[in-house]
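Q: Mind looking at a prediction? Sequence and model below.
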Amino acid sequence: MARRVREAGLLERRRGYYVRAVGLNVAGTVAVWAAVAWAGASWWVVLLGVPLAVLSARTGFLGHDAGHRQIARSHRVNRWLGYVLGNVMLGMGYGWWNDKHNRHHANPNHVGKDPDVGEGVLVWTRRQAAARRGGVGVWMARRQAWLFFPLLLLEGVNLKVSSALDLRRLPWRARLLEGSLMAVHAVGYGVLAFGLLSPGKAVVLVAVHQGLFGVHLGCAFAPNHKGMAMPGEGERWDHLRRQVLTSRNVRGGVVTDYLLGGLNYQVEHHLFPSVARPNLRRLQPLVREHCERVGLAYVETGLVASYREALRHLSDVGSVARS
């Protein structure tokens, strides 16, 4: 399969696509902030938090692609794109996210190895639910399927806070670089919001922007692995099984591709993480055919069905705490 992918030219970079994507995203962000300045006298201005959230999610998707070296051949160029898109534009530490995401890709859905299924506010396995202690923790575990989407309203802030806390583990030079770039974001964002608007409007705009940004990102990442197979303790799966059986694709067209940032091709992305986002749709038939040939389950659902399966998994796990 890898040979067929290479021969089809799907490993080639798509510089033109990414130049347009980054340019349009930056231009769109500048245009919305200009609209904030123009409409600042009216409370309707807080609705501009919606396009700001959509553009921030686009920035996050582009940072994700840079982290996988999809954009440029040079590791240095991809890293600096990650710093600009992540630290400066989002206030999210690129180094922290890249380390966490690489560990997820190496062992998706594997408890103890994948940080995305580590115990936190939510629990992902029955063992985690059974070990939950404390009144608040048990109460949340019992209701986590209902709380999932409301909690995403805090995800944008959580990414910033987690990035800031992670700075302590970095060597001093990396800490200085990433911390300085995140500070540039914090100061610039504060100056724009509170310099262009009254304090009340600024607070509401920031709340709408960050809340919907978190929901948008969560809705793009949630369908990918939640409710899919989870390797048991001591189990060793080969690379193909480890990436395919733990991943779920989301069926759709151009709109789905845009809203989910190409992550709806999760199986293909996990097998070939360096493949440029616009090539994933062309890669899908090759991967599906190979899975059918070797008898491996290839899961693809609609968007609503993917959320239903993810929430069902959260509910089933939470039932341990309920009992």
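A: Sure thing, it's come through. Residues are numbered from 1 along each chain as shown.

Q: Asp116 touches Asn102, doesn't it?
A: No: under the criterion of C-beta atoms under 8 Å, Asp116 is not in contact with Asn102, lying 11.6 Å apart. (C-beta placed from N, C-alpha, C; glycine too.)

Q: which of the two has more neighbours?
A: When Asp116 and Asn102 are compared for neighbours, Asp116 comes out ahead with 18 against 13, by other C-beta atoms under 10 Å.

Q: how much space between that one and Arg308?
A: Distance of Asp116 to Arg308, given as C-beta to C-beta, to the nearest Å: 20 Å.

Q: just Gly211 next, same as before
A: Computed as C-beta to C-beta, the Gly211 to Arg308 distance reads 23 Å.

Q: In terms of neighbours, single out the busier of these two.
A: Set Gly211 next to Arg308 and count neighbours by other C-beta under 10 Å: Gly211 wins out with 19 against 14.

Q: what pLDDT, on average, does the one helix or strand that one maps to get?
A: Taking DSSP states H and E as the definition, one finds Gly211 inside helix 199-221. Model confidence over helix 199-221, given as mean pLDDT, is 97.

Q: So which elements touch the helix or strand following it?
A: Downstream of helix 199-221, the first helix or strand assigned by DSSP H and E is helix 239-244. Helix 239-244 sits against helix 266-271, with contacts defined as 3 or more C-beta pairs under 8 Å, 6 or more residues apart in numbering; DSSP states H and E.

Q: mind listing what's buried in whichever helix or strand comes after the helix it packs on?
A: Using DSSP H and E, the helix or strand that follows helix 266-271 in sequence is helix 280-294. Of the residues in helix 280-294, those buried under the neighbour-count criterion (16 or more other C-beta atoms under 10 Å) are Leu280, Leu283, Gln284, Leu286, Val287, His290, Cys291.

Q: Now do the same contact list for the nearest residue to Leu197 once chain neighbours are set aside.
A: Distances taken as C-beta to C-beta, 6 or more residues apart in numbering put Gly40 closest to Leu197, at 5.1 Å, once the chain neighbours are dropped. Taking C-beta atoms under 8 Å, 6 or more residues apart in numbering as the criterion, Gly40 is in contact with Leu196, Leu197, Ser198, Lys201.

Q: any weak-confidence spans in the protein?
A: With pLDDT under 70 as the threshold, the chain has low-confidence stretches at 322-323.

Q: now the farthest one out in it, which residue is it?
A: Computed with C-alpha atoms, centre = their mean, the maximum C-alpha offset from the centroid of the chain is found at Ala41, amounting to 34.3 Å.

Q: Could you look up the SS state of that one?
A: Of the three states, Ala41 takes coil under DSSP: H, G, I helix; E, B strand; the rest coil.

Q: Could you say which helix or strand holds Val26?
A: Under the assignment given by DSSP H and E, the secondary-structure element containing Val26 is helix 15-38.

Q: Can you dump the C-alpha atoms of the helix or strand that that helix is followed by in PDB for me?
A: Counting by DSSP H and E, the next helix or strand C-terminal to helix 15-38 is helix 49-67. As requested, the backbone C-alpha atoms of helix 49-67 are provided in PDB (Å, rounded to 0.1, in the frame of the first residue of the first chain):
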ATOM      1  CA  GLY A  49     -16.900  36.000  18.000                       C
ATOM      2  CA  VAL A  50     -18.400  33.300  15.800                       C
ATOM      3  CA  PRO A  51     -16.300  33.900  12.700                       C
ATOM      4  CA  LEU A  52     -13.300  34.400  15.000                       C
ATOM      5  CA  ALA A  53     -13.900  31.000  16.400                       C
ATOM      6  CA  VAL A  54     -14.100  29.400  13.000                       C
ATOM      7  CA  LEU A  55     -10.900  31.100  11.900                       C
ATOM      8  CA  SER A  56      -9.100  30.100  15.100                       C
ATOM      9  CA  ALA A  57     -10.100  26.500  14.400                       C
ATOM     10  CA  ARG A  58      -8.700  26.800  10.900                       C
ATOM     11  CA  THR A  59      -5.500  28.100  12.400                       C
ATOM     12  CA  GLY A  60      -5.400  25.100  14.700                       C
ATOM     13  CA  PHE A  61      -5.900  22.700  11.800                       C
ATOM     14  CA  LEU A  62      -3.000  24.400   9.900                       C
ATOM     15  CA  GLY A  63      -0.800  24.200  13.000                       C
ATOM     16  CA  HIS A  64      -1.700  20.500  13.200                       C
ATOM     17  CA  ASP A  65      -0.600  20.000   9.600                       C
ATOM     18  CA  ALA A  66       2.700  21.800  10.300                       C
ATOM     19  CA  GLY A  67       3.300  19.500  13.200                       C
END
